[in-house]
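Participant: Would you be able to build a 3D model of this:
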Amino acid sequence: MKIRREQLLIDDEVARLVEVVARLLRGGASLPIALADAAAQVGRPLGPELLRSVAASRTPLLAGGQPAIAMFEATVGLARELGGASVQVLDGLAAALRSSAVVRREGLALAAQGRLSAWIIAAMPLVFTAFVLLLDAGALRAALLHPVARASMVGGLLGQSIGFL
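Facilitator: Model (predicted):
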């Protein structure tokens, strides 16, 4: 779970970096200058690494192996080689990264909701048993003495245990 959140943060930073580079290119900056200025604007964790990379070779090489970083590097590499309408490509990449992050965040929220629902459903028999015990302990004792009720409770506990695993 923590890795996914860190990946989402990096994806957000890469999307922000791409937007800044596109804005600077739209303003008339060359690609190397746009990369250097964007690195200074974005900050940690990507900014300093990008700044060192651009200063050393004028080619952005960011560590981490994240898909968003790989897409950024490929897009900038193509922009350097081919030129042309790189601003539109960078805008498209930023939009794709943002929409991907929205879908991933929604998936994390739905997974958390599913886990919470599972805990609630698993706890309901215990809550119901405690409620019956508070209202009428004699009824629960009588139910435990009946063989069919006892078998039903054992089966329910067994099912709950298997479902919990």
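Participant: By mean pLDDT, which helix or strand of the chain comes out lowest?
Facilitator: When the helices and strands of the chain are scored by mean pLDDT, DSSP states H and E, helix 46-57 comes last with a mean of 63.
Participant: list the buried ones in the host helix or strand of L35?
Facilitator: For L35, the host element (DSSP states H and E) is helix 31-42. Buried residues in helix 31-42, counted by 16 or more other C-beta atoms under 10 Å: 31, 34-39, 42. Using the backbone N, CA and C atoms, a C-beta is placed for each residue, glycine as well.
Participant: So what's the model's average confidence on the longest helix belonging to the chain?
Facilitator: If you go by DSSP state H, the chain has its longest helix at helix 86-135. The average pLDDT within helix 86-135 is 86.
Participant: any idea how the protein splits into domains?
Facilitator: Per automatic domain parsing, the domain ranges recorded for the chain read 2-111, 116-164.
Participant: hey, which of the ones you listed is tucked in deepest?
Facilitator: domain 2-111 (a mean of 16; mean count of other C-beta atoms under 10 Å).
Participant: mind checking how far G159 is from S117?
Facilitator: G159 sits 17 Å away from S117, going by C-beta to C-beta, to the nearest Å.
Participant: same question, A36
Facilitator: For A36 relative to S117 (C-beta to C-beta), the value is 49 Å.
Participant: can you check L93 too?
Facilitator: 36 Å.
Participant: And D12, by the same measure?
Facilitator: 28 Å.
Participant: try I69
Facilitator: I69 is 35 Å from S117, by C-beta to C-beta.
Participant: Kindly report the same for R16.
Facilitator: 34 Å.
Participant: same thing with A40?
Facilitator: 46 Å.
Participant: try G155
Facilitator: Distance from G155 to S117, by C-beta to C-beta: 22 Å.
Participant: Ok, S161 next?
Facilitator: Taking C-beta to C-beta, one finds S161 at 18 Å from S117.
Participant: contact partners of stretch 80-92?
Facilitator: 18-19, 21-22, 25-26, 31, 59, 75, 78-79 (C-beta atoms under 8 Å, 6 or more residues apart in numbering).
Participant: oh, I was asking about stretch 118-129
Facilitator: In contact with stretch 118-129 (C-beta under 8 Å, 6+ apart) are residues 140, 156-157, 160, 163-164.
Participant: Please render those residues as CSV that adds secondary structure, distance to S86 and pLDDT to the earlier fields.
Facilitator: Putting these into CSV (DSSP: H, G, I helix; E, B strand; the rest coil; distance: C-beta to C-beta, whole Å; pLDDT from 0 to 100) gives the following:
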residue, secondary structure, distance to S86, pLDDT
L140, helix, 73, 76
G156, helix, 63, 82
L157, helix, 63, 81
Q160, helix, 58, 76
G163, helix, 53, 73
F164, helix, 53, 68
